[in-house]
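# Build me a model:
(one chain, ligands or ions: 3)
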Amino acid sequence: MTSSNNKIIVGSEEWCSFPALGIPAIKARVDSGAKTSSIHAFNIQTFRREGLLWVSFEVHPLQKDRRTVLRCERPVVDKRSVKSSSGISETRYVISTLIKVESETWEVELTLANRDSMGYRMLLGREAMKGRILVDPELSLCLNEPSKEQLYDWYGQPQKNKSGLKIGLLASNPDLYSNMRLMEAAEERGHEMVFLNIKYCYMKVDEQAPEVHYRGGKILNDLDAVVTRIRPSMTFYGCALARQFESMGIYTVNSSSAISQSRDKLFSLQLMLKSGIGIPTTGFAHSPMDTSDLIEMVGGAPLIVKLLEGTQGRGVVLAETKKAAESVINAFKALHANLLVQEFIKEADGKDLRCFVIDGKVVASIQRTAAPGEFRANIHQGGSASVVKITPEERRLATLSAKVLGLKVAGVDIIRSSKGPLLLEVNSSPGLEGIESATGKDIAGHIIASIEKRLKWERPVSSSVLETL
Ligand SMILES: Nc1ncnc2c1ncn2[C@@H]1O[C@H](COP(=O)(O)OP(=O)(O)OP(=O)(O)O)[C@@H](O)[C@H]1O
Ligand SMILES: [Mg+2]
Ligand SMILES: [Mg+2]
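Residues are numbered from 1 along each chain as shown. Ligands and ions are numbered 1, 2, ... in the order given. The predicted structure is shown next:
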């Protein structure tokens, strides 16, 4: 349908295609409120071709279907930095490519977004529609809609037989970004993932036939692997469940022993030191009497006092003078808390590194920078994240720390001191949001891939005809 001035009339959602990207059909949400158009892209990687910066990325052209994947390549025409509400800066690449709507073809700019826009794989913004399209928001799907047969022809029959792995996600909150991404990545790679709420699992401790049951009485006996994402407050019970799965011969990542070990901060730092990993000079105490000696032990003020139970930067205090240090330690003492005093690495200038280690390799790293006037780089304390290139020494430190604790997946925090990189801590359930949005990498996919490798699972040859497009 066209208007009197020959513009194409569209409704709120329409099918279009991108001939130069090899996308024969994709349904777009028409959104004149957005300036630029965007496409939901993942596994975004840049490379150089004939001196130009190119980007390669994958697209799921069909809604609610993560198994159909197209890989596309285009030169980068622009990079835009978008800062999310959580303070994470994200680089979005912009490409220019041909769009085809009905029988008309023209060049448009597309932002590669790594989030679904309201369940649509693409968003058609007003710049792309300028001079060519009129929107009637009362209508939808006014243009030619591809038939089911046509879609099968282009994208292959939907696969019915499940040949993937069955993986459990042992965690507490299915709505957490990290957990949603793991579920998505497993499905994307052809597996079935079930969310197992730690609270709803119970077990039969039996030498011959150990079992895990799930709320309602279902016996969990058909899992190939379990991804363990245990929050600190659930360490005891979560690790007991992980151990139970292990005794049933199910592969766990991370394993129960590695998690319990890494949750004990004193023990894990002692293990690190034994392997020659450098940490800031640290003193440990439980409600100490000899406050003054404790302070001298780590070189005097300024120093850092940490509650052993703290996370996300809570319970970490900078004491600038000996007096301040004494009062903080005495206050913690009154709480009968386990505490740690540590040399303050001033030259780190409010920055630290988070290296994400999977299977002995650093797959992504970010630098976290504290908000002005703050020394803690935690995102939860207003810090911001950016991509960083780490040195070979930092890489070694990160992989060795994960290895010493036996963690297949680890978030290793490193601080840059004048004596070289020092280890701050190792996290056995590192969050994915900060690192994925800052680097654009599919870390969840990496985790699932490491399970496939360990279980020697091979991807069945795709029945689709995508290669020929
Ligand atoms: N010795 C130190 N010198 C300088 N800065 C430090 C030191 N220790 C910690 N920091 C800063 O404070 C932040 C928080 O410290 P740390 O990571 O030890 O505790 P946490 O973040 O509460 O624990 P978790 O990461 O498990 O949530 C670090 O990210 C770092 O920026
Ligand atoms: Mg900590
Ligand atoms: Mg930390």
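# Excluding residues flanking it in the chain, which one is nearest residue 241?
residue 201 (5.3 Å; CB to CB, 6 or more residues apart in numbering). C-beta coordinates here come from the backbone N, C-alpha and C atoms, glycine included.
# separation between that neighbour and ligand 1?
Using CB to the nearest ligand atom, to the nearest Å, residue 201 is found at 25 Å from ligand 1.
# can you offset everything so residue one is 52?
I'll keep to 52 as the first residue from here, and by that count the last item is residue 252.
# ok, that residue - how many residues close by?
For residue 252, the number of neighbouring residues by other CB atoms under 10 Å comes to 20.
# Around ligand 1, pick out the residues from the stretch 302-451 of the chain.
331, 355, 357, 361-364, 366-367, 393-396, 399, 403, 426-429 (CB under 6 Å from any ligand atom).
# again, 5 Å this time
Counting by CB under 5 Å from any ligand atom, the stretch 302-451 of the chain comes close to ligand 1 at 331, 355, 361-364, 367, 393, 395-396, 403, 427-429.
# Secondary structure, neighbour count and pLDDT for these - can I get that in TSV?
Formatted as TSV, these follow (DSSP: H, G, I helix; E, B strand; the rest coil; neighbours: other CB atoms under 10 Å; pLDDT from 0 to 100):
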residue	secondary structure	neighbour count	pLDDT
331	coil	19	95
355	strand	21	95
361	coil	16	66
362	coil	15	68
363	coil	12	71
364	coil	18	72
367	strand	18	91
393	strand	20	94
395	coil	19	96
396	coil	20	97
403	strand	23	96
427	coil	20	94
428	coil	26	92
429	coil	19	88
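# coming back round to it: check contacts around the residue nearest to residue 292.
Residue 252 makes contact with 221, 263-266, 271, 292, according to CB atoms under 8 Å, 6 or more residues apart in numbering.
# go with 6 Å
With contact set as CB atoms under 6 Å, 6 or more residues apart in numbering, residue 252 has these partners: 263, 265, 292.
# Pull out the buried members of those.
263, 292 (16 or more other CB atoms under 10 Å).
# And the residue nearest to residue 292, how far from residue 243?
18 Å (CB to CB, to the nearest Å).
# of the residues of the stretch 302-451 of the chain next to ligand 1, closest to residue 288?
Ranked by distance to residue 288 (CB to CB), these are led by residue 362 at 17.9 Å.
# Which residue is the nearest non-sequential neighbour of residue 225?
Closest residue in space to residue 225, ignoring its immediate chain neighbours: residue 246 at 4.8 Å, by CB to CB, 6+ apart.
# Residue 483 too?
Residue 483 sits nearest to residue 229 (CB to CB, 6+ apart), 4.2 Å away.
# Pull the number of nearby residues for the one you found.
22.
# for residue 438, same thing?
So residue 438, with other CB under 10 Å, has 16 neighbours.
# Listing request: residues of this protein with sub-threshold pLDDT.
117, 134-140, 166-169, 209-213, 361-362, 511-520 (pLDDT under 70).
# again, 50 this time
For the chain, the stretches with pLDDT under 50 are 212, 513-520.
# Of all residues in this protein, which one is nearest the centre?
For the chain, residue 483 is the residue whose C-alpha lies nearest the centre (CA atoms, centre = their mean; 2.3 Å).
# can you count the residues close to the residue in the stretch 152-301 of the chain that ligand 1 sits nearest to?
The stretch 152-301 of the chain approaches ligand 1 most closely through residue 283 (7.8 Å), counting by CB to the nearest ligand atom. Neighbour count for residue 283, taken as other CB under 10 Å: 13.
# Likewise for residue 342?
18.
# quick one: buried residues of the helix or strand where residue 462 lies?
Using DSSP states H and E, residue 462 maps to strand 460-468. Within strand 460-468, the residues scored as buried using 16+ other CB under 10 Å are 460-467.
# what does stretch 377-388 rub up against?
338, 342, 356, 358, 368, 370, 390.
# Among these, which are located in helices?
Judged by DSSP state H, helices contain the following of the contacts of stretch 377-388: residue 342.
# now, among the contacts of stretch 377-388, which is nearest to residue 101?
Closest to residue 101, out of all of these and judged by CB to CB, is residue 368, at 54.4 Å.
# isn't that closest one right next to residue 355, touching?
No - using CB atoms under 6 Å, residue 368 is not in contact with residue 355, being 7.1 Å away.
# Burial check on residue 101, number of neighbours?
6.
# One more: residue 415?
21.
# counting contacts, what elements does the helix or strand hosting it pack onto?
Under the criterion of DSSP H and E, residue 415 resides in strand 412-420. Counting contacts by 3 or more CB pairs under 6 Å, 6 or more residues apart in numbering; DSSP states H and E, strand 412-420 packs against strand 402-409, strand 435-438, helix 484-490.
# mind running it again at 8 Å?
Applying 3 or more CB pairs under 8 Å, 6 or more residues apart in numbering; DSSP states H and E, we find strand 412-420 packed against strand 402-409, strand 435-438, helix 443-456, helix 484-490, helix 494-505.
# For these, please prepare TSV with the additional fields distance to residue 349.
Below are those laid out as TSV (distance: least, CB to CB, whole Å):
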stretch	distance to residue 349
strand 402-409	19
strand 435-438	29
helix 443-456	21
helix 484-490	30
helix 494-505	35
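# tell me the contacts of residue 152?
59, 61, 65, 67, 183-184, 194.
# Could I have the buried ones of the residues you listed as ChimeraX selection syntax?
To isolate the buried subset of the contacts of residue 152 in ChimeraX, counting by 16+ other CB under 10 Å, use the following:
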select :59,61,65,67,184
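# list the contacts for residue 458?
So residue 458 contacts 305, 309-310, 313, 408, 477, 479 (CB under 8 Å, 6+ apart).
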